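Asker: Mind looking at a prediction? Sequence and model below.
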Amino acid sequence: MEPKSLGTGGLFLSHIQRQQPSPPSVIVIGGGISGIAAARTLFNASFEVTLLESRDRLGGRVHTDYSFGCPIDMGASWLHGVCNENSLAPLIRCLGLKLYRTSGDNSILYDHDLESYALYDKHGHQVPQQIVIEVGETFERILKETVKVRNEHANDMSLLQAISFVLDRHPHLRQEGLAYEVLQWYICRMEAWFAADVDTISLKNWDQVSIFILFMSNILAIRTLLQYFVSQLFLNVQEHVLSGGHGLMVLGYNPVIEALAKDLDIHLNHRVKKIARSYNRVTVTVEDGTNFVADAAIITVPLGVLKANLIKFEPELPEWKVSAISDLGVGIENKIALQFSTVFWPNVEVLGMVAQTSYACGYFLNLHKATGHPVLVYMAAGRFAYDIEKLNDEESVNLVMLQLRKMLPNATEPLQYLVSRWGTDPDSLGSYSCDLVGKPADVYERFCAPVDNLYFAGEAACIDHSGSVHGAYSSGITAAEDCRRRLSVQHGISDLFQMVLREEMAEAMVPLQISRM
């Protein structure tokens with residue numbers, strides 16, 4: 001006899017549960033936030049889920065280090081888009097995690113507003129604010145003109161080549177002396193956003209870069225003039241841009257990883273070497289020869305690992321999938337975190353150094369302003385980040401300290417330091433995806449599309465928000481939902497049963513509101 005407390009609906013649901021066959025099984029490959037989100041979604045739908053991670057920790061390119069005695073994110077640091085529409089925002093709010101807002105709604109390209117910064121030349125002289133504003137206005141005009149170049153050329157080209165076209169047409173936009181060095185610093189910051197050099201950024205696919213004009217309009221107080229221009233040229237892009245600016249995760253991203261991973265069947269130090277698929281079956285082989293078998297698999301390993309062919313597929317992936325992996329680029333951004341005994345730098349969010357090339361420019365993020373800890377984080381992107389990885393940790397620290405002392409001669413020696421190496425890390429082989437020159441328009445759609453019972457997720461598989469934590473998170477959930485629907489049909493699982501589970505999961509995990517920070 002059924003317990004009376006179940007009621008009519010409870011009796012019906014209990015009957016459905018008794019009639020269900022053994023739950024579908026899924027192997028999730030990769031323990032970054034995308035893989036954990038996928039595993040959590042399927043776990044909450046009562047699927048049998050096994051997560052395989054090659055590292056000795058979870059998080060992937062989300063990595064919070066605690067060796068300084070405080071949380072330091074050596075990978076992803078920001079929530080890009082502090083608003084209700086951000087897929088991660090409800091979970092962050094539910095966990096009570098603090099955000100430090102580093103930009104407003106109109107700062108879309110950069111992680112922070114330039115209202116709190118200090119730029120220096122190589123002699124340690126601070127660049128006058130007026131020069132920075134004037135160069136910024138010029139850079140904004142240059143970027144507007146590159147849009148015209150894009151419209152005039154059928155073939156793609158690098159953004160650097162487009163800028164050269166603009167300067168040849170409009171010599172009055174060229175900069176000299178200190179102004180030229182400030183322009184290079186703007187380019188350096190643009191390169192940091194893409195983790196790639198300006199001569200590799202695609203002109204035809206630089207949509208997020210184009211939005212930089214809106215950001216500049218806010219800083220330079222000419223927003224009204226540009227709004228019409230931006231709304232007309234970038235209307236489609238704006239639909240994918242989240243409001244709320246950027247928020248730094250004060251306690252790091254690790255609490256999010258831990259919350260999502262709770263109670264999951266996780267196997268660390270399990271490097272996948274082969275994935276064999278057959279009709280309604282997947283066999284995954286790890287480095288020690290152990291096989292894991294399931295109905296389907298969700299592959300969330302970084303794009304760099306797929307590009308390096310470190311995982312063998314049997315049968316081989318179809319050409320359309322292989323070409324998608326090849327057509328997407330991988331950028332590199334590294335961090336050198338420095339902990340000091342005292343704060344000797346000004347109370348600004350960013351310390352920057354201008355130079356004759358964007359390669360020689362640099363900037364430090366001031367974590368003291370956001371967290372109260374005496375920590376500076378040097379950010380290196382593109383070729384410079386790759387070159388830093390050729391040095392050992394001590395040499396890397398000496399290099400950035402040399403730059404810091406040029407800006408601030410009274411800089412003291414760091415007590416401790418941390419150096420990331422995402423480009424040569426065999427578990428990542430890059431930081432996040434970027435658009436290569438000549439990239440086909442449908443590359444993201446092909447990359448995230450399933451191959452039989454293999455599903456693909458990760459930041460590179462998120463069409464609208466690639467390169468972001470919330471993009472990776474959303475991609476994992478999307479892949480899990482696609483996988484769940486297919487396996488539910490194959491296993492004859494009731495849609496009503498799944499609907500009840502989804503409603504319960506939504507009620508438990510997704511609060512409706514998030515406070516504006």
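Answerer: Okay, I see it. Owing to the predicted nature of the structure, the values given are computational and were not obtained by experimental measurement. Numbering: from 1, shown residues only.

Asker: How about stretch 457-465, which residues are buried there?
Answerer: Going by neighbour count (16 or more other C-beta atoms under 10 Å), the buried part of stretch 457-465 is 457-463, 465. Heads up, the C-betas are built off the backbone N, CA and C, glycines and all.

Asker: average pLDDT across it?
Answerer: In this model, stretch 457-465 has a mean pLDDT of 85.

Asker: How about residue 182: what's its closest non-neighbour residue?
Answerer: In space, and not counting its chain neighbours, residue 182 is closest to residue 135: 4.3 Å by C-beta to C-beta, 6 or more residues apart in numbering.

Asker: what element comes up after the helix or strand where that neighbour lies heading to the C-terminus?
Answerer: Using DSSP states H and E, residue 135 falls within helix 129-152. The first helix or strand that comes after helix 129-152 along the chain, using DSSP H and E, is helix 159-169.

Asker: which residues touch that following helix?
Answerer: Residues from elsewhere that reach helix 159-169 (C-beta atoms under 8 Å, 6 or more residues apart in numbering): 142, 145-146, 149-150, 173-174, 197-199, 201-203, 206, 209.

Asker: Recalculate using a threshold of 10 Å.
Answerer: The contact list for helix 159-169 (C-beta atoms under 10 Å, 6 or more residues apart in numbering) reads 139, 141-150, 152-153, 156-158, 173-175, 183, 187, 190-191, 194, 196-204, 206, 209-210, 358, 437.

Asker: same check, this time on stretch 337-344
Answerer: Applying C-beta under 10 Å, 6+ apart, the set of residues contacting stretch 337-344 is 65, 67-70, 72-74, 364-369, 372-378, 397, 400-401, 404, 408-420.

Asker: before we move on, back to that, was I right to think the residue nearest to residue 182 contacts residue 175?
Answerer: Yes. Using C-beta atoms under 10 Å, residue 135 is in contact with residue 175, at 6.3 Å.

Asker: Now for residue 457: which residues touch it?
Answerer: Counted by C-beta under 10 Å, 6+ apart, residue 457 has contacts 28-30, 32, 34-35, 37-38, 298-301, 448, 472-480, 482-483.

Asker: Filter these down to just the ones in strands.
Answerer: 28-29, 298-299 (DSSP state E).

Asker: Kindly tell me how buried residue 259 is, as a neighbour count.
Answerer: Residue 259 is flanked by 16 other residues according to other C-beta atoms under 10 Å.

Asker: Leaving out chain neighbours, which residue sits closest to it?
Answerer: According to C-beta to C-beta, 6+ apart, the nearest residue to residue 259 is residue 95 (5.8 Å).

Asker: Would you mind measuring from the one you found to residue 256?
Answerer: Per C-beta to C-beta, to the nearest Å, residue 95 is found 7 Å from residue 256.

Asker: ok, now residue 423?
Answerer: Counting by C-beta to C-beta - residue 423 and residue 256 are separated by 25 Å.

Asker: Run the chain-centre distance for the helix holding residue 135.
Answerer: 26 Å (C-alpha atoms, centre = their mean, to the nearest Å).

Asker: hmm, back to that, among the contacts of stretch 337-344, which are located in helices?
Answerer: Taking DSSP state H, the ones among the contacts of stretch 337-344 that sit in helices are 367-369, 397, 400-401, 404.

Asker: Throw the residues you listed into TSV and include neighbour count, distance to residue 431 and pLDDT, thanks.
Answerer: Compiled in TSV, the ones in helices among the contacts of stretch 337-344 are given as follows (neighbours: other C-beta atoms under 10 Å; distance: C-beta to C-beta, whole Å; pLDDT from 0 to 100):
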residue	neighbour count	distance to residue 431	pLDDT
367	26	19	94
368	16	25	94
369	18	24	89
397	21	20	98
400	22	18	96
401	19	23	97
404	23	23	96
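
Asker: Now the two most distant members of those.
Answerer: Largest separation among the ones in helices among the contacts of stretch 337-344 by C-beta to C-beta: 369 and 397, giving 21.6 Å.

Asker: and residue 120, how many residues sit next to it?
Answerer: So residue 120, with other C-beta under 10 Å, has 18 neighbours.

Asker: what do you get for residue 347?
Answerer: 10.

Asker: For the residue nearest to it when sequence neighbours are not counted, give me its contacts.
Answerer: Spatial nearest neighbour of residue 347, chain neighbours left out: residue 369 (6.2 Å); criterion: C-beta to C-beta, 6+ apart. By C-beta under 10 Å, 6+ apart, the residues touching residue 369 are 100, 102, 116, 248, 343, 345-350.

Asker: What's the mean pLDDT across stretch 350-360?
Answerer: 94.

Asker: An error on my part: the question was meant for stretch 307-315.
Answerer: pLDDT averaged over stretch 307-315 gives 97.

Asker: Which residue ranges make up the domains of the protein?
Answerer: The chain breaks down by automatic domain parsing into domains covering 21-60+252-328+440-493, 64-112+331-419, 128-242.

Asker: In JSON lines: those, plus distance to residue 122.
Answerer: Listed next are those as JSON lines, based on distance: least, C-beta to C-beta, whole Å:
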{"stretch": "domain 21-60+252-328+440-493", "distance to residue 122": "31"}
{"stretch": "domain 64-112+331-419", "distance to residue 122": "6"}
{"stretch": "domain 128-242", "distance to residue 122": "8"}
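
Asker: Go through the contacts of stretch 337-344 and flag which are in strands.
Answerer: 65, 72-73, 364-366, 375-378, 416-419.

Asker: Can you give me the distance of residue 173 to residue 165?
Answerer: 11 Å.

Asker: list residues touching both of those two?
Answerer: Common neighbours of residue 173 and residue 165, counting by C-beta under 10 Å, 6+ apart, are residue 145.

Asker: thinking again about what came up before, drop anything exposed from the contacts of stretch 337-344.
Answerer: 65, 68, 70, 72-74, 364-369, 374-378, 397, 400-401, 404, 408, 411, 414, 417-420.

Asker: picking up where we left off before, from the buried residues of stretch 457-465, pick the one nearest residue 82.
Answerer: Among these, and counting by C-beta to C-beta, the member closest to residue 82 is residue 465, at 13.9 Å.

Asker: Identify the residue nearest that closest one in space, chain neighbours excluded?
Answerer: residue 471 (3.3 Å).

Asker: Contacts only, for that neighbour.
Answerer: By C-beta under 10 Å, 6+ apart, the residues touching residue 471 are 33-34, 80, 87-88, 432-433, 458-465.

Asker: same question, residue 383
Answerer: 191, 196-197, 199-200, 332, 358-359 are the contacts of residue 383 under C-beta under 10 Å, 6+ apart.

Asker: and if we set it to 7 Å?
Answerer: By C-beta atoms under 7 Å, 6 or more residues apart in numbering, residue 383 lies in contact with 197, 359.

Asker: Distance check, residue 39 against residue 134.
Answerer: To residue 134, residue 39 is 52 Å away according to C-beta to C-beta.
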